[in-house]
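Student: generate a structure from the sequence data that follows.
(one chain, ligands or ions: 1)
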Amino acid sequence: MRSRKAVIGISTCRTSRNGNEYDSVSRYYSEAVAYVSNAIPLGIPSLGDKLDSDELLEQIDGLLFTGSPSNVDPGHYGGAPSEQGTLHDPARDATTLPLIQKALDQKIPFLAICRGFQELNVALGGTLHQKVQDVPGKMDHRADYEAPIAERFALAHEVELAPAGILFNLIGKSKVQVNSVHAQGVDRLGEGLLAEAYAPDGLVEAVSVSGASAFALAVQWHPEWNVSDNELSNAIFSAFGEACRERANRR
Ligand SMILES: N[C@@H](CCC(=O)NCCCC(=O)O)C(=O)O
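Tutor: You can find the predicted model right below:
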(Lines give C-alpha, C1' and ligand atoms only; values in the text may rest on other atoms or scores of the structure.)
Protein backbone atom coordinates (compact mmCIF):
# COMPACT_ATOMS: atom_id res chain seq x y z
CA MET A 1 0.00 0.00 0.00
CA ARG A 2 1.42 3.46 -0.95
CA SER A 3 2.54 5.33 2.17
CA ARG A 4 0.48 8.44 2.71
CA LYS A 5 2.08 11.90 2.98
CA ALA A 6 1.84 13.43 6.43
CA VAL A 7 -0.19 16.59 7.04
CA ILE A 8 1.70 19.09 9.19
CA GLY A 9 -0.16 21.96 10.86
CA ILE A 10 1.81 25.23 10.95
CA SER A 11 1.14 28.00 13.49
CA THR A 12 0.18 31.40 12.07
CA CYS A 13 0.70 34.95 13.29
CA ARG A 14 -2.21 37.41 13.54
CA THR A 15 -1.17 40.53 11.62
CA SER A 16 -3.06 43.67 10.62
CA ARG A 17 -2.79 45.46 7.30
CA ASN A 18 -4.94 48.26 5.87
CA GLY A 19 -7.58 47.69 8.55
CA ASN A 20 -7.84 43.98 7.81
CA GLU A 21 -6.48 41.09 9.93
CA TYR A 22 -4.60 38.07 8.62
CA ASP A 23 -3.30 34.76 9.95
CA SER A 24 0.03 34.47 8.15
CA VAL A 25 3.13 32.27 7.93
CA SER A 26 6.43 32.78 6.13
CA ARG A 27 6.79 30.67 2.99
CA TYR A 28 10.16 29.36 4.23
CA TYR A 29 8.36 27.23 6.85
CA SER A 30 5.84 25.92 4.31
CA GLU A 31 8.61 25.15 1.81
CA ALA A 32 10.76 23.32 4.38
CA VAL A 33 7.75 21.17 5.33
CA ALA A 34 6.80 20.49 1.70
CA TYR A 35 10.25 19.98 0.16
CA VAL A 36 12.37 18.54 3.00
CA SER A 37 9.86 16.96 5.38
CA ASN A 38 8.03 15.81 2.24
CA ALA A 39 4.69 16.56 3.91
CA ILE A 40 1.58 18.66 3.27
CA PRO A 41 1.86 22.07 5.02
CA LEU A 42 -1.39 23.43 6.45
CA GLY A 43 -1.76 26.79 8.22
CA ILE A 44 -3.57 26.72 11.57
CA PRO A 45 -5.56 29.95 12.05
CA SER A 46 -4.92 31.68 15.38
CA LEU A 47 -8.47 31.23 16.66
CA GLY A 48 -7.55 30.53 20.27
CA ASP A 49 -10.20 28.59 22.16
CA LYS A 50 -12.55 28.91 19.17
CA LEU A 51 -10.31 26.44 17.32
CA ASP A 52 -11.61 22.88 17.64
CA SER A 53 -8.11 21.65 18.47
CA ASP A 54 -9.21 18.11 19.41
CA GLU A 55 -10.83 17.70 15.99
CA LEU A 56 -7.81 19.31 14.32
CA LEU A 57 -5.35 17.00 16.07
CA GLU A 58 -7.29 13.96 14.88
CA GLN A 59 -6.69 15.05 11.30
CA ILE A 60 -3.02 16.02 11.31
CA ASP A 61 0.22 14.13 11.74
CA GLY A 62 2.53 16.81 13.09
CA LEU A 63 2.82 20.42 14.21
CA LEU A 64 5.32 23.15 13.38
CA PHE A 65 5.45 26.15 15.73
CA THR A 66 7.15 28.95 13.83
CA GLY A 67 9.11 32.06 14.62
CA SER A 68 7.60 35.53 14.76
CA PRO A 69 8.77 39.09 15.43
CA SER A 70 6.14 39.19 18.21
CA ASN A 71 6.90 38.24 21.80
CA VAL A 72 5.09 35.76 24.03
CA ASP A 73 3.14 37.91 26.48
CA PRO A 74 5.15 37.89 29.74
CA GLY A 75 1.84 37.44 31.60
CA HIS A 76 2.03 33.78 30.53
CA TYR A 77 5.18 33.21 32.58
CA GLY A 78 4.94 35.76 35.39
CA GLY A 79 7.35 38.15 33.68
CA ALA A 80 7.40 41.92 34.12
CA PRO A 81 5.16 43.83 31.69
CA SER A 82 6.81 44.34 28.30
CA GLU A 83 8.38 47.65 27.36
CA GLN A 84 5.92 50.10 25.81
CA GLY A 85 5.49 49.41 22.10
CA THR A 86 6.52 45.72 22.22
CA LEU A 87 4.80 43.64 19.57
CA HIS A 88 2.62 40.87 21.02
CA ASP A 89 0.26 38.38 19.40
CA PRO A 90 -2.41 37.34 21.93
CA ALA A 91 -4.34 35.38 19.28
CA ARG A 92 -1.27 33.29 18.58
CA ASP A 93 -0.46 32.81 22.29
CA ALA A 94 -4.04 31.65 22.91
CA THR A 95 -3.70 29.11 20.11
CA THR A 96 -0.18 27.70 20.39
CA LEU A 97 0.32 27.46 24.16
CA PRO A 98 -2.61 25.03 24.71
CA LEU A 99 -1.83 23.22 21.43
CA ILE A 100 1.72 22.41 22.56
CA GLN A 101 0.45 20.71 25.72
CA LYS A 102 -2.16 18.76 23.72
CA ALA A 103 0.47 17.65 21.22
CA LEU A 104 2.58 16.25 24.07
CA ASP A 105 -0.45 14.59 25.72
CA GLN A 106 -1.59 13.05 22.41
CA LYS A 107 1.94 12.05 21.27
CA ILE A 108 1.83 14.19 18.12
CA PRO A 109 5.28 14.97 16.65
CA PHE A 110 6.22 18.63 16.72
CA LEU A 111 9.08 20.94 15.81
CA ALA A 112 9.23 24.40 17.40
CA ILE A 113 11.37 27.25 16.04
CA CYS A 114 12.42 30.52 17.68
CA ARG A 115 9.17 31.96 19.06
CA GLY A 116 7.85 28.41 18.94
CA PHE A 117 10.85 27.28 21.03
CA GLN A 118 10.01 29.99 23.56
CA GLU A 119 6.34 28.98 23.55
CA LEU A 120 7.29 25.39 24.39
CA ASN A 121 9.38 26.59 27.32
CA VAL A 122 6.53 28.79 28.59
CA ALA A 123 3.88 26.10 28.01
CA LEU A 124 5.89 23.79 30.32
CA GLY A 125 6.21 26.40 33.07
CA GLY A 126 9.51 27.95 32.07
CA THR A 127 10.38 31.66 31.86
CA LEU A 128 12.08 33.97 29.36
CA HIS A 129 14.65 36.72 29.44
CA GLN A 130 12.80 39.53 27.66
CA LYS A 131 15.99 41.20 26.45
CA VAL A 132 18.86 38.74 26.44
CA GLN A 133 21.27 41.46 25.31
CA ASP A 134 20.66 43.31 28.60
CA VAL A 135 21.48 40.26 30.75
CA PRO A 136 25.02 40.50 32.16
CA GLY A 137 27.32 38.00 30.42
CA LYS A 138 24.92 37.30 27.57
CA MET A 139 25.53 38.07 23.91
CA ASP A 140 23.31 40.17 21.69
CA HIS A 141 21.32 37.54 19.79
CA ARG A 142 19.38 40.02 17.66
CA ALA A 143 19.63 40.49 13.92
CA ASP A 144 19.49 43.78 12.06
CA TYR A 145 15.91 44.09 10.78
CA GLU A 146 17.02 46.87 8.46
CA ALA A 147 19.40 44.50 6.70
CA PRO A 148 18.38 42.42 3.66
CA ILE A 149 16.73 39.17 4.77
CA ALA A 150 19.71 37.06 3.68
CA GLU A 151 21.87 39.04 6.12
CA ARG A 152 19.22 38.83 8.86
CA PHE A 153 19.25 35.04 8.65
CA ALA A 154 22.98 34.61 8.02
CA LEU A 155 24.94 32.29 10.33
CA ALA A 156 25.75 34.32 13.43
CA HIS A 157 27.26 32.20 16.17
CA GLU A 158 28.27 28.70 17.17
CA VAL A 159 26.21 26.40 19.35
CA GLU A 160 27.53 23.37 21.20
CA LEU A 161 25.32 20.30 20.89
CA ALA A 162 24.68 18.21 24.01
CA PRO A 163 26.56 14.90 23.77
CA ALA A 164 24.25 11.99 22.83
CA GLY A 165 21.41 14.49 22.31
CA ILE A 166 18.92 14.38 19.44
CA LEU A 167 20.74 17.09 17.50
CA PHE A 168 24.18 15.56 18.05
CA ASN A 169 22.85 12.17 16.91
CA LEU A 170 21.41 13.77 13.76
CA ILE A 171 24.79 14.95 12.43
CA GLY A 172 27.50 13.53 14.70
CA LYS A 173 29.09 16.91 15.32
CA SER A 174 29.42 18.72 18.65
CA LYS A 175 29.58 22.30 17.30
CA VAL A 176 27.66 24.02 14.49
CA GLN A 177 27.06 27.58 13.29
CA VAL A 178 23.48 28.89 13.49
CA ASN A 179 21.61 32.06 12.62
CA SER A 180 20.21 34.25 15.37
CA VAL A 181 17.11 36.46 15.12
CA HIS A 182 15.83 36.87 18.65
CA ALA A 183 15.88 39.24 21.61
CA GLN A 184 14.21 36.85 24.05
CA GLY A 185 15.68 33.64 25.39
CA VAL A 186 15.25 30.88 27.94
CA ASP A 187 15.70 31.98 31.54
CA ARG A 188 14.28 29.07 33.58
CA LEU A 189 13.79 25.82 31.65
CA GLY A 190 10.27 24.41 31.61
CA GLU A 191 9.46 21.12 33.34
CA GLY A 192 10.83 18.06 31.57
CA LEU A 193 12.87 20.01 29.01
CA LEU A 194 16.37 18.78 28.22
CA ALA A 195 18.94 21.23 26.88
CA GLU A 196 20.12 20.09 23.44
CA ALA A 197 22.37 23.03 22.53
CA TYR A 198 24.04 26.02 24.13
CA ALA A 199 25.29 29.33 22.75
CA PRO A 200 28.81 30.48 23.75
CA ASP A 201 27.24 32.66 26.48
CA GLY A 202 25.50 29.62 27.98
CA LEU A 203 22.03 30.49 26.66
CA VAL A 204 20.01 27.34 25.97
CA GLU A 205 19.42 27.28 22.20
CA ALA A 206 17.60 23.97 21.73
CA VAL A 207 15.60 21.56 23.85
CA SER A 208 13.89 18.20 23.66
CA VAL A 209 11.21 16.82 25.96
CA SER A 210 12.31 14.18 28.45
CA GLY A 211 10.39 10.94 27.99
CA ALA A 212 8.39 12.26 25.00
CA SER A 213 6.73 9.41 23.11
CA ALA A 214 6.89 11.31 19.82
CA PHE A 215 9.36 13.63 18.08
CA ALA A 216 9.50 16.78 20.24
CA LEU A 217 12.32 19.17 19.37
CA ALA A 218 12.66 22.94 19.64
CA VAL A 219 15.42 25.25 18.44
CA GLN A 220 15.99 28.96 18.98
CA TRP A 221 17.54 29.42 15.53
CA HIS A 222 15.96 29.11 12.06
CA PRO A 223 16.54 25.78 10.29
CA GLU A 224 13.86 26.65 7.71
CA TRP A 225 16.21 29.30 6.30
CA ASN A 226 18.42 27.81 3.55
CA VAL A 227 17.19 24.45 4.78
CA SER A 228 18.61 22.48 1.84
CA ASP A 229 22.06 24.05 2.09
CA ASN A 230 22.56 23.38 5.80
CA GLU A 231 23.35 19.85 6.98
CA LEU A 232 21.72 20.16 10.41
CA SER A 233 18.66 22.03 9.11
CA ASN A 234 18.08 19.40 6.47
CA ALA A 235 18.50 16.63 9.03
CA ILE A 236 16.03 18.30 11.43
CA PHE A 237 13.26 18.71 8.86
CA SER A 238 13.93 15.23 7.40
CA ALA A 239 13.73 13.53 10.81
CA PHE A 240 10.62 15.56 11.67
CA GLY A 241 9.00 14.55 8.38
CA GLU A 242 9.80 10.88 9.00
CA ALA A 243 8.23 11.01 12.46
CA CYS A 244 5.08 12.62 11.05
CA ARG A 245 4.92 10.09 8.18
CA GLU A 246 5.10 7.22 10.66
CA ARG A 247 2.11 8.70 12.50
CA ALA A 248 0.28 9.25 9.21
CA ASN A 249 0.70 5.60 8.25
CA ARG A 250 -0.42 4.40 11.67
CA ARG A 251 -3.62 6.49 11.61
N1 LIG B 1 10.07 37.77 19.16
C2 LIG B 1 10.83 36.72 19.84
C3 LIG B 1 10.94 35.52 18.90
C4 LIG B 1 11.89 35.79 17.80
C5 LIG B 1 11.61 35.06 16.51
O6 LIG B 1 10.79 34.17 16.40
N7 LIG B 1 12.32 35.54 15.51
C8 LIG B 1 12.08 35.14 14.19
C9 LIG B 1 11.44 36.25 13.43
C10 LIG B 1 11.23 35.83 12.01
C11 LIG B 1 10.60 36.90 11.19
O12 LIG B 1 11.13 38.01 11.20
O13 LIG B 1 9.58 36.58 10.58
C14 LIG B 1 12.21 37.22 20.22
O15 LIG B 1 12.57 38.34 19.83
O16 LIG B 1 12.95 36.48 20.87
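Student: can you classify the closest residue to Gly126 other than its chain neighbours as helix, strand or coil?
Tutor: Distances taken as C-beta to C-beta, 6 or more residues apart in numbering place Gly190 nearest to Gly126, at 3.2 Å, with adjacent residues excluded. Quick note: C-beta positions are derived from backbone N, CA and C, even for glycine. Classification of Gly190 by DSSP: H, G, I helix; E, B strand; the rest coil places it in coil.
Student: what is the neighbour count of Gly190?
Tutor: When neighbours are defined as other C-beta atoms under 10 Å, Gly190 has 19 of them.
Student: and it, how far from Gln184?
Tutor: According to C-beta to C-beta, to the nearest Å, Gly190 and Gln184 sit 14 Å apart.
Student: so what's the residue nearest to Gly126 up against?
Tutor: 120-126 (C-beta atoms under 8 Å, 6 or more residues apart in numbering).
Student: can I have the buried ones of those as a ChimeraX selection?
Tutor: Those of the contacts of Gly190 that count as buried under 16 or more other C-beta atoms under 10 Å are selected in ChimeraX with:
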select :120,121,122,123,124,126
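Student: turn the contacts of Gly190 into JSON lines, including secondary structure.
Tutor: Converted to JSON lines, the contacts of Gly190 look like this (three-state DSSP):
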{"residue": "Leu120", "secondary structure": "helix"}
{"residue": "Asn121", "secondary structure": "helix"}
{"residue": "Val122", "secondary structure": "helix"}
{"residue": "Ala123", "secondary structure": "helix"}
{"residue": "Leu124", "secondary structure": "coil"}
{"residue": "Gly125", "secondary structure": "coil"}
{"residue": "Gly126", "secondary structure": "coil"}
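Student: which two of the contacts of Gly190 have the greatest separation?
Tutor: Leu120 and Gly125 (10.8 Å; C-beta to C-beta).
Student: before we move on, back to that, phi, psi of the residue nearest to Gly126?
Tutor: Backbone torsions of Gly190, given as degrees, to the nearest 10, read phi -70, psi 160.
Student: how far away is it from the ligand?
Tutor: 16 Å (C-beta to the nearest ligand atom, to the nearest Å).
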